[in-house]
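# sequence and predicted structure below; questions after.
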Amino acid sequence: MKLFQIIAPLAIAATLAGCAAKTTPEADAANAVDPKEQATSIEAVDTAKGIIDLANDSALRPGMKVDQLTFIDFNATWCGPCKLIAPSFHALANDFIGRVTFYSVDIDRCPETAKAFGVEAIPTFVLIRPDGRTERFVGTDSFATDTELNRASNIEEVTSIILPRMREVLDKNLK
């Protein structure tokens, strides 16, 4: 009897779940996500910092048209240099809110995007201009020498070295 009391509710629940999962082509069409809505759902925007954190591979492609200067940071959670340069990228995004679009792309979550942009080492930064031209910066040495970084004793000093050079790149391209 106790076995029946356990199995019966499970059987009923399985039957109901199976019925709910069945759809018709009309229902599928009615539940389809509009591509414009999907584009907004694939990104998490950190408005406080002005950075779009890419959540999957469908938003960025080489050669895409951009309305304003776009700066993409290709990184990974396990990457030491990525963590080292992240505060500078976040400060830069905060300084240029509204004038430059910033993306953060974790290569482990978005491997196809990284591949499409030819990312072979991280951190890699890609600058896309509204006219379609791009520029690539690979590693922290794009903005600071190893000697400078080795002399820095904390993340604030690293940021004070890298941030002005990143700003120069954006200022030059905004003109």
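Great, that's in hand.

# any weak-confidence spans in the protein?
Along the chain, segments meeting pLDDT under 70 span 1-49.

# please redo it, this time with the cut-off set to 90
Residues of the chain meeting the criterion pLDDT under 90: 1-50, 54-65, 131-133, 139-142, 144-155, 174-175.

# can you show me the helices along it?
2-21, 25-31, 35-41, 80-95, 111-116, 146-151, 155-174 (DSSP state H).

# send me the fourth one as PDB with only the CA atoms.
The reference is to helix 80-95. The C-alpha trace of helix 80-95 is given here as PDB (Å, rounded to 0.1, in the frame of the first residue of the first chain):
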ATOM      1  CA  GLY A  80      46.300  36.100 -14.100                       C
ATOM      2  CA  PRO A  81      47.100  38.900 -16.600                       C
ATOM      3  CA  CYS A  82      43.400  39.300 -17.400                       C
ATOM      4  CA  LYS A  83      42.700  39.800 -13.700                       C
ATOM      5  CA  LEU A  84      45.700  42.200 -13.500                       C
ATOM      6  CA  ILE A  85      44.400  44.400 -16.300                       C
ATOM      7  CA  ALA A  86      40.600  44.200 -15.500                       C
ATOM      8  CA  PRO A  87      40.600  47.100 -13.100                       C
ATOM      9  CA  SER A  88      42.000  49.300 -15.800                       C
ATOM     10  CA  PHE A  89      39.400  48.100 -18.300                       C
ATOM     11  CA  HIS A  90      36.600  48.800 -15.800                       C
ATOM     12  CA  ALA A  91      37.900  52.200 -14.900                       C
ATOM     13  CA  LEU A  92      38.200  53.000 -18.600                       C
ATOM     14  CA  ALA A  93      34.600  51.900 -19.300                       C
ATOM     15  CA  ASN A  94      33.400  54.100 -16.400                       C
ATOM     16  CA  ASP A  95      35.300  57.100 -17.900                       C
END
